[in-house]
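Colleague: sharing a model prediction with you, sequence too.
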Amino acid sequence: MNNAGFSQANLVKLIDRGIRGYQPETVSSSVLEATLQLVALGEIALPSVLAEHLAGIPRDIALVPLSAKELVVMRCLARGFGNKEISRSVGIAEATTKVHVKAIMRKLGVSNRTQAAVWAVRNGLDQSFYTNR
């Protein structure tokens, strides 16, 4: 971000004050339109690189201490599975699936399963899918 007088510290202050979205002036009109739509839906829309930096989301799977079962659940999340589908696929109770999903979200530092799924796809967990069928 090369905006004069703009810094990440200023953005953090703006987020603390309730800013719901930000994009640098160089984004395409389609990105700006998507940002506006997300903000209108009540979401926060920031450039992913900046959002990951601010949230402290680890970029590499090697940096996240996932258990073997959590890794399998992450692969299901990466494929867009809901809790029932994950439970059936992995062979665990739906309540156990919810516990795993919450633990994964906590370890990644994300606030919802969609962010966890995006992280999983970025780390290639949608490529090699394994279940305990």
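Modeller: Alright, I've got the coordinates.
Colleague: which ones are touching the closest residue to residue 38 other than its chain neighbours?
Modeller: Once flanking residues are discounted, residue 38 sits nearest to residue 45: 4.1 Å by CB to CB, 6 or more residues apart in numbering. Bear in mind the C-beta positions are built from the backbone N, C-alpha and C, glycine included. If a contact means CB atoms under 8 Å, 6 or more residues apart in numbering, then residue 45 has 20-23, 34-35, 38-39 as its contacts.
Colleague: give me the neighbour count for residue 65.
Modeller: 8 (other CB atoms under 10 Å).
Colleague: so for stretch 86-100, what gets flagged as buried?
Modeller: By neighbour count on 16 or more other CB atoms under 10 Å, the buried set for stretch 86-100 is 86-87, 89-90, 92, 96-97, 100.
Colleague: the longest helix in the protein is where?
Modeller: helix 94-108 (DSSP state H).
Colleague: how far off centre is that one?
Modeller: 14 Å (CA atoms, centre = their mean, to the nearest Å).
Colleague: which strands and helices lie in contact with that helix?
Modeller: helix 68-78, helix 83-90, helix 113-122 (3 or more CB pairs under 8 Å, 6 or more residues apart in numbering; DSSP states H and E).
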